[in-house]
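Participant: no sequence on this one, just coordinates:
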């Protein structure tokens, strides 16, 4: 009986791991922060959430309320990139120059993120504002089936994370005052903790990841205990 109870407990724990860990990596996210007043590489981590279709296009909207004077795109083999611009109602200044036109959208297409895979897309932007703590980049993810997923929702302060949250860049104070600095980006491909270390604006993703880790450890311990007890019972 004891062996059965332990086995059931281990199975329940494994299910909880799947339930809690799954949503933590399901969103299009910006894992790393940017430095106020400076330049940063903004990396979008894009997972494929479908079992029967590939992601074939990613369209990113640059912040409307905080226009960025300089935007450049990192070349990505296998993908074509297109940018659009918009004219500002009120010109902005950067490094002594005035700009009345900025990049509005960046779109990657022609490539493929297969089921069970993810990829990263990067742009360099700046100078970042110094008087806000975050910037949102509404994103449209298109699948080979024609389905579009709009990652555009922004949660009100103190509210729960929406179903399709917009990727958010957290802004932190620069050590040198923020001028001319560039944040180094670590992609999810090089660190399994990249998603769990996403900004606090991910609406509790960190807490979910920690809970999943704790449950996973419990599941492992219970499973091992069940195995040991089962062997002893057989030997008896």
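Facilitator: Nice, thanks for sending it over. None of the values given here were measured: they were computed from a predicted structure.

Participant: CA atoms for contacts and neighbours, from now on please.
Facilitator: Will do.

Participant: residue contacts, the residue nearest to residue 50 when sequence neighbours are not counted?
Facilitator: Leaving aside its chain neighbours, residue 50 sits nearest to residue 115 (5.9 Å; criterion: C-alpha to C-alpha, 6 or more residues apart in numbering). Each residue near residue 115 by C-alpha atoms under 8 Å, 6 or more residues apart in numbering is listed here: 48, 49, 50, 51, 52, 53, 54.

Participant: looking at those residues, spot the one nearest residue 104.
Facilitator: residue 48 (24.7 Å; C-alpha to C-alpha).

Participant: OK, contacts around the closest one?
Facilitator: The contact partners of residue 48, taken as C-alpha under 8 Å, 6+ apart, are 54, 55, 113, 114, 115, 116, 117, 118.

Participant: just say helix, strand or coil for the fifth one.
Facilitator: Here residue 115 takes the coil state, with states given by DSSP: H, G, I helix; E, B strand; the rest coil.

Participant: against residue 46, how distant is it?
Facilitator: The gap separating residue 115 from residue 46 is 12 Å, by C-alpha to C-alpha, to the nearest Å.

Participant: just the third one next, same as before
Facilitator: Residue 113 is 9 Å from residue 46, where distance means C-alpha to C-alpha.

Participant: joint contacts of the two?
Facilitator: Common neighbours of residue 113 and residue 46, using C-alpha under 8 Å, 6+ apart, are residue 119.

Participant: domains in the protein, by residue range?
Facilitator: Here the domain assignment for the chain is 1-26+196-236, 30-194, based on automatic domain parsing.

Participant: least confident of the ones you listed, on average?
Facilitator: Out of the domains of the chain, domain 1-26+196-236 stands lowest, with a mean of 45 (criterion: mean pLDDT).

Participant: could you pull out the strands for the chain?
Facilitator: Using DSSP state E, the strands assigned to the chain run over residues 34-35, 39-47, 55-61, 70-73, 80-94, 97-113, 118-126, 134-136, 139-143, 148-151, 168-172, 182-183.

Participant: pick the most deeply packed of those strands.
Facilitator: Highest mean neighbour count among those (mean count of other C-alpha atoms under 10 Å): strand 34-35, with a mean of 29.

Participant: pairing partners for that one, with directions?
Facilitator: Partners of strand 34-35 in the sheet, by DSSP bridges, are strand 168-172 (parallel).

Participant: state the distance from the residue nearest to residue 50 to residue 104.
Facilitator: From residue 115 over to residue 104 (counting by C-alpha to C-alpha), the distance is 29 Å.

Participant: okay, now the nearest residue to residue 153 once chain neighbours are set aside: neighbour count?
Facilitator: Take residue 153 and drop its neighbours on the chain: the residue closest to it by C-alpha to C-alpha, 6+ apart is residue 165, 4.6 Å away. Residue crowding around residue 165 was assessed by other C-alpha atoms under 10 Å; the count is 23.
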